[in-house]
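S.K.: Need the 3D shape of this:
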Amino acid sequence: MTIDKKHFTGGKTEGGITSSYATEDGVKLKVPYSFMGSIYDEAEFSAAVAAMKQDSLTMGPKTQEFQDKFAKIHQVKHALACSNCTTGMHVATQIFDIKPGDEVIVTPNTFVATILVILKEGGIPVFADIDPRTFNLDPTDVARKITAKTKAIYVVHYAGLMVDMDPIMELAEKHGLKVLEDAAHATGASYKGRMAGSIGDISAFSFHSLKNITTCGEGGMITTNNDEYAKGIQNLRCMNNTQPWDQTQTEWKFGNSITCRKTSELEYWLPAHFDVIPWNGHWGSNYRMNEIQAAVGCCQLDKLAMLIDKRRQIGHAITAGLQDVKGIETVYEPEGYKHAFHLYTICVNEKELGGSRDEFMRVLYEEEGVQTILHYQPAFHFTGLQRMGYDPNQCPVASEFFYKRETNLPMHPRLTEQNIQDMISGIKNAATKVRKRHCK
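M.R.: The predicted structure follows:
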C-alpha cells in the first residue's frame, strides 16, 4: 500500500525531529519512517485506565512492579524508573561525582544528551572514535584517550548492538574509572550472555516513542548492581527527599526554641513529611515516572521478548535480502551478541556504488518511496561544542560514518512482509539507478 506522508502527524510540532520526520513535500511513500517503535493493544489501554483510578498517580505500586520486572529481565539488582534516559544519565553523572575539569571519554556517535549530562556538571567530554563495523566506541581508541584527569567512560550501545564491554571494563578497572552504559537503544540486547545494563557501574535506558518499548512516548530506567549507588539514585531522582526525619525524637528545635513536640507515635505529621539532604554534595531533581507510564511499561515488558524477536526477524530478513548488492553494506552482528535492532543501519560504499550516499538516499526516497534518516552527527560538530574549541577533525571514522556512509531504514515490529520487500527492492533499485547514472 502506498502511504501519503501528509496524513502523518507531527510534521510541524514543537517536538520537531524528536516527534516526527513527516514532511509536506508531496512524495508518496511506500515505507515511511515511523515514530512508534512498539506495539500497543488493549493491554496497555486497560492498564493506563486502571492506573488513572489509583489514589497515587506517581511513583506508586505500578512503578515498583515495573522496576521489579525490568530488573529481573535485565539481570540487575536494582532498576529505578525515571522520566527519561537523559535524566537517568544526569543522575549517574552526579553519582559518579563528575566535577568541573573531570574528563569523561565518550563516543561522538550518539544523541547529544549523552554529552550534555557531562557538560551540565562541568565535566569535559573527550571523544574516542568508533569501530567502522559495529559503529560503537572503539576500546583501542578509548585506551589512547585516558589521562590523569579521566574519571569515567560513557559507552553507547548504538542501534541495539552492545559495545565490546570486556576490554572497556578492563580499562576501567586498570585506571580506576566508572562506566556508564547508555542503553537507550538496547532494551533486550545482550553481550556474551549478559544483558544490556548489567555490566557497567550504572546504566540508563530510554522508553521514548521510537524505542523498543515505550511508556507513553517518554520514560527511562536506571540500573545498577551497587547498593550504595541505588540509594543515591533514589535520592537524586526525587529532590533529595528520601531522607526521613528522625522519628525517634520527641522534640524539634529551631534555634534555641522548641518548635514542636511529639507526644504520640500516631502524630505522623511531626515535624514534617520529609527532610532534604544533598547526596555526596549534589542536589536532586524531580525525575520521577508516573503510574500511567509504569503501568504501560509493565505491559510492554510482557511483550518484550516478542517485540525483540520481531525486530530481529525483520533485521535478519533485510540482511539476507541485501546480500551481494554492490555498494551496500548490511548490519554486522558479531558472534555472542544479541542485536536488539532498535535501528537498522545500512552503509553506502561510495567507491563501489559509484555515487554518493546522499544521492542514494535521494533516489531511494523520491523514486522508490522508502524514507531513511541519519544518526548521529558527531557531537563535537555542534555549534555549542565548536565554540568551546573542539577539534572538528578528530574521530575521522565517526565523521565519515555520518557524512558519507550511513543511513537508517524504517525499523519497528509492525513492519509487514510487503514493507520489508519494498525496502529490499527499493534499495536494490536505487543502487542500480545511481550506478547507471554514473556509468553513462
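S.K.: Confirm for me that residue 91 is in contact with residue 235.
M.R.: No. Counting by Cβ atoms under 8 Å, residue 91 stays clear of residue 235, with 9.1 Å between them. Heads up, the C-betas are built off the backbone N, CA and C, glycines and all.
S.K.: Just want to know which of these two has more residues nearby.
M.R.: Taking other Cβ atoms under 10 Å, residue 91 and residue 235 do not tie; residue 91 has more neighbours (29 against 24).
S.K.: So which bits of the strand or helix carrying residue 295 are buried?
M.R.: In this structure, residue 295 sits in helix 291-321 according to DSSP states H and E. Residues 291-301, 303-304, 307-308, 310-312, 314-315, 317-319, 321 are the ones in helix 291-321 that count as buried (16 or more other Cβ atoms under 10 Å).
S.K.: Can you tell me how far residue 414 is from residue 22?
M.R.: Distance, residue 414 to residue 22, using Cβ to Cβ, to the nearest Å: 17 Å.
S.K.: Between those two, point out the one with more neighbours.
M.R.: Counting neighbours by other Cβ under 10 Å for residue 414 and for residue 22 shows that residue 22 has the greater number, 20 against 13.
S.K.: which residues of the stretch 101-250 of the chain score low on pLDDT?
M.R.: For the stretch 101-250 of the chain, applying pLDDT under 70 flags the ranges 242-245, 247.
S.K.: repeat that with 80
M.R.: Residues of the stretch 101-250 of the chain that meet the criterion pLDDT under 80 lie in 241-249.
S.K.: same thing with the stretch 251-400 of the chain?
M.R.: Along the stretch 251-400 of the chain, segments meeting pLDDT under 80 span 252-254, 258-259, 265, 268-269, 271-274.
S.K.: Strands along that one, start to end?
M.R.: Applying DSSP state E, counting those that start in this stretch to the stretch 251-400 of the chain gives strands spanning 251-254, 257-261, 328-329, 337-338, 344-348.
S.K.: list the helices and strands the fourth one packs on?
M.R.: Other helices and strands packing on strand 337-338, by 3 or more Cβ pairs under 8 Å, 6 or more residues apart in numbering; DSSP states H and E, are strand 190-191.
S.K.: Mind giving me the packing neighbours of the strand it packs on?
M.R.: Other elements packing on strand 190-191 under the criterion 3+ Cβ pairs under 8 Å, 6+ apart are strand 337-338.
S.K.: May I have the strands that pair with the strand it packs on, each with its orientation?
M.R.: Take DSSP bridges as the rule and strand 337-338 pairs in its sheet with strand 190-191 (antiparallel).
S.K.: what residues does the partner strand touch?
M.R.: 162, 163, 164, 165, 196, 199, 336, 337, 338 (Cβ atoms under 8 Å, 6 or more residues apart in numbering).
S.K.: From residue 157, how far out is the residue nearest to the last one when sequence neighbours are not counted?
M.R.: Here the nearest residue to residue 338 in space, its sequence neighbours aside, is residue 190; by Cβ to Cβ, 6 or more residues apart in numbering that works out to 4.2 Å. In this structure, residue 190 and residue 157 are 10 Å apart, going by Cβ to Cβ.
S.K.: neighbour count winner among the two?
M.R.: Neighbours were counted for residue 190 and for residue 157 using other Cβ under 10 Å; residue 157 has more, 30 against 19.
S.K.: for the more buried one, what are its contacts?
M.R.: In this structure, residue 157 makes contact with 136, 163, 181, 182, 183, 184, 185, 186, 189, 196, judged by Cβ under 8 Å, 6+ apart.
S.K.: The second one reaches residue 156, doesn't it?
M.R.: Yes. Judged on Cβ under 8 Å, residue 163 makes contact with residue 156 at a distance of 7.3 Å.
S.K.: Spit out the residues that contact these two alike.
M.R.: With Cβ under 8 Å, 6+ apart, residue 163 and residue 156 have common neighbours 136, 137.
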